[in-house]
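Novice: sequence and predicted structure below; questions after.
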Amino acid sequence: MPEDRLSEDEDGRRTYPEQSFIDALKQSDTPTTTDVSEYVGCTSQAALYRLNQMEDENTVSSKKVGNVLVWSLND
């Protein structure tokens with residue numbers, strides 16, 4: 001992800017636009033948290049945190065497949 005799309009919150013932590021996560025989910029039929037983190041350019045922990053927030057907002061859904069979470073966009 002281009003550095004110019006990053007921003008920082010009041011604590012100096014990097015933040016990533018929600019659209020980057022949405023774009024990442026569109027790149028694969030079965031995007032995992034790792035796939036999303038690699039696309040966005042953040043850690044897996046940061047991706048999981050943001051995806052969980054998006055799931056709470058009903059933007060995305062997850063399902064456990066084996067040992068990984070697979071994410072999808074809600075309609």
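Specialist: Thanks, I have the structure now. Numbering: from 1, shown residues only.

Novice: now do the buried residues in stretch 43-58.
Specialist: By neighbour count on 16 or more other CB atoms under 10 Å, the buried set for stretch 43-58 is 46-48, 50-51, 54. Where you see a C-beta, it was placed from the backbone N, CA and C, and this is true even at glycine.

Novice: where does the prediction get shaky in the chain?
Specialist: 1-13 (pLDDT under 70).

Novice: swap in 90 and give it another go.
Specialist: The chain contains residues with pLDDT under 90 at 1-15, 75.

Novice: now the phi/psi pair for Ser37, please.
Specialist: phi -60, psi -40 (degrees, to the nearest 10).

Novice: show me what contacts it?
Specialist: Listed by CB atoms under 8 Å, 6 or more residues apart in numbering, the contact set of Ser37 reads 43-44, 46-48.

Novice: kindly report the same for Lys64.
Specialist: By CB under 8 Å, 6+ apart, the contact set of Lys64 is Val70.

Novice: what does the one 10 residues further on give?
Specialist: If a contact means CB under 8 Å, 6+ apart, then Asn74 has 58-61 as its contacts.

Novice: any of those buried? List them.
Specialist: Members of the contacts of Asn74 classed as buried by 16+ other CB under 10 Å are Val60.

Novice: of the contacts of Asn74, which belong to strands?
Specialist: With strands taken from DSSP state E, the overlap with the contacts of Asn74 comprises 60-61.

Novice: closest one of the contacts of Asn74 to Leu25?
Specialist: Proximity of those to Leu25, judged by CB to CB, is greatest for Val60, which lies at 6.7 Å.

Novice: cool, thanks, signing off.
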